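**Q** I would like the atomic coordinates for the input below:
(chains A, B and C)
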Amino acid sequence: MKRMRRYVRNNAVPLALLAPAVMIILVVVLLPLIFSFYTGFTNYRLIRPESLWDFIGLRNYARVLTDADFWAALWRTVLFLTVALNLEMLLGLCLALMVNRITWGQRTMRTIMMFPMMFSPILVGFQFKYMFNDTIGVVNNALQSLGLSQKAIPFLVDRWLAFGSIAFAEIWMSTSIFAILILAGLFAMPRDPIEAARVDGCTSWQVFRHITLPFLMPFIYIAMTIRSLDVARAYDIVDVMTGGGPAGRTELLWTLIARTAYDDARMGRANAMAYVSILLSIFFTWFFFRKLMAARQHLGAF
Amino acid sequence: MKLFEQSFTATVAILTLVTPLHAQDYGNFENYTLRVKLIGGAQYEPLYTLIPEWEAATGARVDILSRKSHFELDREMKQDIAAGGVEYCVFSSHTNFAPQYAAMNQPLDGLVGQDVIAAFSPLVIDHATVDGKLVSLPRHSDVSNLFYVRSLYEDADNKARFKAQYGYDLMPPETWNQASDQAIFFADPPNRYGTHFAGKDEAITGRFYEMLVANGGKLFNDDWTAAFNGPEGQEALNWFTGLYQEKAVPAGTPNYVWDDLGLGFAAGNVAFDLDWAGWAGFFNSKDSNIRNDIGVVLAPKGSGGKRTGWSGSHSFSITQNCENKEAAASFITFLTSHEAQMIEARTGLLPTRTQVWDDIIAEFKDQDNDFMVEVFEVWGESMRDHAFTPPLIAEWGEVSNALWPQLQAAIVGDKSVEDALNDAAKEVNEIMEDAGYN
Amino acid sequence: MSRGQRDFLIWVATFLVMLAICIPGLWVVLSAFRPNGEILTKPAVWIPRDLSFDNFRAIFGLGDNVVGIPVGSYFWNSAVISVTSTVVAVTIGMSGGYAFARYRFPGKSSAFLWLMLSRTVPGIALSLPLFILWSWTGLIDTKLGVIIVYTAINVPFTIWLTEGFFRQVPRDLSEAAQIDGCTPWQAFWKVEFPLAKSGIASAAIFAFLTSWNEYALASQLTRSTDSKTLPVGLMDFTAQFTIDWAGMSAMAVIIIIPALILTFLVQKHLIAGLTFGGVKG
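**A** Residues are numbered from 1 along each chain as shown, chains lettered A, B, ... in the order given. Next up is the predicted model:
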């Protein structure tokens, strides 16, 4: 207690400055997490409020951890995150490099590049659900009209096409975030080393590989960190497009949790799953954050 | 939506002609404010334009706290129960979901007059009764029957080829086996499919369930263990998997829900469609490619000789917390009155009062609207004789969520029909055990 | 090939790529002006035959359909919620970012990491506990309730961005100003704040877009026209059996346009602001 008081007194100014941020996060994030941590050990069902006091120990966790569907969803979520984040990064990098080369009308071009960021995830879900419909969807219609395909392609049903479709929607929505962050990196880049390398006779590829890319790496990791922070937004998209189906082929942790919580009204079990999913997000964020720190160190001081 | 707009303008025109309130006395609740949560959406809203009449007749005021779609409202109810925040009197319910709201349902016996209840179709009142108590007053019903493209069935060439291939005359199907033959016969992907079905969520559970019942099977044994993995269940699921493997249905069908079906059939690339009556107006509107080319027949029979008829009714319930239950009862009686139901029936919704069925058919006859007359005759018979609900238990949602991913797995070929049903049965048994049934 | 020609070719190539990216979005915008029967049908209608504002008129309750969508209230709620939560988040976040950049205190780096990690909790895991807490405190279905949640969501990123910028501003500047007679408060506003302005602007636009488009939490915490936001209002177009995609598209256009205009206006700051204080620090 005494040490605590001394700590507060010695650091009064930064603590006061941080207090509002910490307070609001405690209320909105930590408090609910404590509540849901508790319900993870109960047989809590929404439609039976008294079940909040029905303590069942580790049964939810035991069931969740032995449930093959849960592990399949977990594995699929990891795959989804890996595929989506990496493709978004690559495409974003290409976009940024292209826009960076443009001299005329760049401001408009940048706004166009950010167009998908204006779309609410729920809207993106509906949009691609209809576009990828196999009978009346615009994609199938176009392929058939152009003579590229003779049959209706079941984008939202076939095992890998369905996974690809939800990943496509997610990538469409989020690539611009990568592009804009990487573009910022390109803007901040000093010209001199590039000029010097050119004078020394380096090819464009060598310049990119040995000068531009190392400089951009911190920006790429920042983008990765930011995206892994809020990648769970993809829940809205997947829920609308496939609802995790068919036959669980696109089931991600988030759709599984939402269905268990609200449709099944089994809150306790859903919260047990949610804790696993939180650990997963923390891992991804921590991973990129470490990379970011390392890259910063590599570039100079932090 | 367009289909509701047209009927809606008609409604407004008629409304202004109707004399205010009829014989029924709705009581006097001067200065009382009735708090309600109602289902929203284009097809539900026209009824609510009547509310000012009730306010005028009783002196009460209606405060609509929420007005949102069925699924969102369902979620909101569960949250209200969880948070203990039921501070209103009346809510939109549904016969198949009513058991989930057991914590807030007020039994209506004694609150709503016997004469009022007697005017409703007995089968529908039966569906609204949980554990011997009437918990909601049905507003309109849903049941599916068969829409088909007439020209395909009347085409002489089709008739001849079908007869040669299958050995019986091409007619709208009387059994689901015939429906299966015809779906395969008409299929010509990607330009035309024999039929399609909703393939996810409660939609496919419901379709499987009604097929199971039509084959003479049932969902649960008497001790609440799963009974759907027997031969009737396998036969039911085989119907769906067979069509899928024959490519008689769109490859995307496991991901379809109702809107995909309605749009697909109206686009004209499906020969027949088991669907809800609410679509009839849209199928015959200028937005549809099959306008004036639609026939309707009763849903076919399963191998048990029974017709499919998965059904349910939207309804109104009163909460136990309500401080003025008489006002609430008056309000829901008013919203399900003869006049109110006529308004909904004109938009194609199925009434729950016996008298309204006759009156609406007479009205469409006067307007020479043969299509709607036929629709109401077919659906009327269906609601009277063939409709049934899922088991009225709070666990229906959970059971459905355990079933449908397994049904999908069999349909898309990830699992055999037998394995899929056995796996689902295991999960369902666990759910029922947890809920304390055995 | 001359330099001019090459630049032109790159421009055309970039333009084509951008167009390809925009097509799915433009399809939504086009759908907003067409009737349902023409958008989702087969054979496809490639050249619009029936372009009109009917879908918009229907939303505002001006068409044949008397049942409009209370889009005015939704828009107002969205605007109030997004703007307020952005302003509050940026203020709180800036103060936190300043603390991290300017002061040393034990436990600083782990505090920073934990603040960032608070953002990783998926909305779906928060929504029910939040709902129950909010209904106990009467915050359910109020704009304030949503504002508090969105502020908390946006604070970590704002701290991160502004921290980088304040770190870049030399300490001497503020000290010099104080020697010249400014209070620390004045020194902050006159010297340090202007230098971090673009970082703050880009934090603000990200916070605004997140709040403007958020659905998962808002759909739980809002219920009536008192607090429902535009993305939640999109669900008004879904009924039990039908989804009015044309109407939804029209509403989508109403949601997108303000966000697009705002982005265009602040985007010069946006790019400059995302350099994270030059990364190297």
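
**Q** Could you use CA atoms for every contact and neighbour count after this?
**A** OK.

**Q** Surely A:A294 is in a helix?
**A** Yes: counting by DSSP: H, G, I helix; E, B strand; the rest coil, A:A294 is part of a helix.

**Q** What pLDDT does the model give it?
**A** If you check A:A294, the pLDDT there is 78.

**Q** Same question for B:T308.
**A** Note for B:T308: predicted pLDDT of 95.

**Q** now the one 4 residues further on
**A** In the prediction, the pLDDT value recorded for B:G312 is 93.

**Q** From B:D142, how far out is it?
**A** For B:G312, the distance to B:D142 (C-alpha to C-alpha, to the nearest Å) stands at 6 Å.

**Q** ditto for C:Q168
**A** Look at C:Q168 and B:D142: by C-alpha to C-alpha, they are 66 Å apart.

**Q** ok, and the closest non-adjacent residue to A:G125?
**A** A:I237 (4.0 Å; C-alpha to C-alpha, 6 or more residues apart in numbering or on different chains).

**Q** cool, B:Q182 as well?
**A** B:Q182's closest residue in space is B:G194 (C-alpha to C-alpha, 6+ apart), at 6.7 Å.

**Q** who's in contact with that neighbour?
**A** Residues in contact with B:G194 (C-alpha atoms under 8 Å, 6 or more residues apart in numbering or on different chains) are B:182-188, B:248-249, B:270-272.

**Q** Tell me which helix or strand the residue nearest the centre of chain B sits in.
**A** Computing the C-alpha centroid of chain B and ranking residues by C-alpha atoms, centre = their mean puts B:D142 first, at 2.6 Å. Element membership of B:D142 [criterion: DSSP states H and E] is strand B:137-149.

**Q** Could I get the buried residue list for that strand?
**A** Neighbour-count burial for strand B:137-149 flags B:137-149 (criterion: 16 or more other C-alpha atoms under 10 Å in any protein chain shown).

**Q** can you list the residues you listed in JSON lines and add pLDDT and distance to chain A?
**A** Listed next are those as JSON lines, based on pLDDT from 0 to 100; distance: C-alpha to the nearest C-alpha, whole Å:
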{"residue": "B:L137", "pLDDT": "95", "distance to chain A": "21"}
{"residue": "B:P138", "pLDDT": "96", "distance to chain A": "22"}
{"residue": "B:R139", "pLDDT": "95", "distance to chain A": "24"}
{"residue": "B:H140", "pLDDT": "94", "distance to chain A": "24"}
{"residue": "B:S141", "pLDDT": "95", "distance to chain A": "22"}
{"residue": "B:D142", "pLDDT": "93", "distance to chain A": "21"}
{"residue": "B:V143", "pLDDT": "95", "distance to chain A": "23"}
{"residue": "B:S144", "pLDDT": "96", "distance to chain A": "22"}
{"residue": "B:N145", "pLDDT": "96", "distance to chain A": "23"}
{"residue": "B:L146", "pLDDT": "96", "distance to chain A": "20"}
{"residue": "B:F147", "pLDDT": "96", "distance to chain A": "19"}
{"residue": "B:Y148", "pLDDT": "96", "distance to chain A": "18"}
{"residue": "B:V149", "pLDDT": "96", "distance to chain A": "17"}
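
**Q** Rebuild those as CSV, extending it with distance to A:W205.
**A** Listed next are the buried residues of strand B:137-149 as CSV, based on distance: C-alpha to C-alpha, whole Å:
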residue, distance to A:W205
B:L137, 74
B:P138, 72
B:R139, 71
B:H140, 69
B:S141, 68
B:D142, 66
B:V143, 66
B:S144, 64
B:N145, 66
B:L146, 65
B:F147, 63
B:Y148, 63
B:V149, 62
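
**Q** that older thread, what's the neighbour count on the residue nearest to A:G125?
**A** As a burial measure, A:I237 scores 26 neighbours (other C-alpha atoms under 10 Å in any protein chain shown).

**Q** Give me the helices and strands touching the host helix or strand of it, please.
**A** Assessed by DSSP H and E, A:I237 sits inside helix A:234-241. Helix A:234-241 makes packing contacts with helix A:121-131, helix A:159-187, helix A:253-258 when contacts are defined by 3 or more C-alpha pairs under 8 Å, 6 or more residues apart in numbering or on different chains; DSSP states H and E.

**Q** Does chain C have contacts with the helix or strand just after the second one?
**A** Read that as helix A:159-187. Once helix A:159-187 ends, the next helix or strand along the chain (criterion: DSSP H and E) is helix A:192-199. No: applying C-alpha under 8 Å from any C-alpha of the partner chain, one finds helix A:192-199 separated from chain C by no less than 16.0 Å.

**Q** Just give the closest residue to A:Q106, not the sequence neighbours.
**A** Leaving aside its sequence neighbours, A:Q106 sits nearest to A:V99 (C-alpha to C-alpha, 6+ apart; 7.0 Å).

**Q** Can you list the buried residues in the helix or strand that contains B:S317?
**A** Using DSSP H and E, B:S317 sits in strand B:311-318. Neighbour-count burial for strand B:311-318 flags B:311-318 (criterion: 16+ other C-alpha under 10 Å).

**Q** That strand vs chain C: in contact?
**A** No: residues of strand B:311-318 contacting chain C under C-alpha under 8 Å from any C-alpha: none, with a closest distance of 10.8 Å.

**Q** Tell me the spacing between the closest residue to chain C within the stretch 51-200 of chain A and C:I256.
**A** Residue nearest to chain C within the stretch 51-200 of chain A: A:S120 (4.5 Å; C-alpha to the nearest C-alpha). Per C-alpha to C-alpha, A:S120 is found 9 Å from C:I256.

**Q** which of those two has more neighbours?
**A** Shown here are A:S120 and C:I256; by other C-alpha under 10 Å, A:S120 has more neighbours (25 against 19).

**Q** Let me see the mean pLDDT of the helix or strand following the strand holding B:D142.
**A** Counting by DSSP H and E, the next helix or strand C-terminal to strand B:137-149 is helix B:150-154. Mean pLDDT, helix B:150-154: 95.

**Q** And for stretch C:127-136?
**A** 85.

**Q** would you say C:S224 is within a strand?
**A** No: assigned with three-state DSSP, C:S224 falls outside any strand and is coil.

**Q** I figured it was touching B:I64, is that so?
**A** No: with contact defined as C-alpha atoms under 8 Å, C:S224 does not count as touching B:I64 (9.1 Å).
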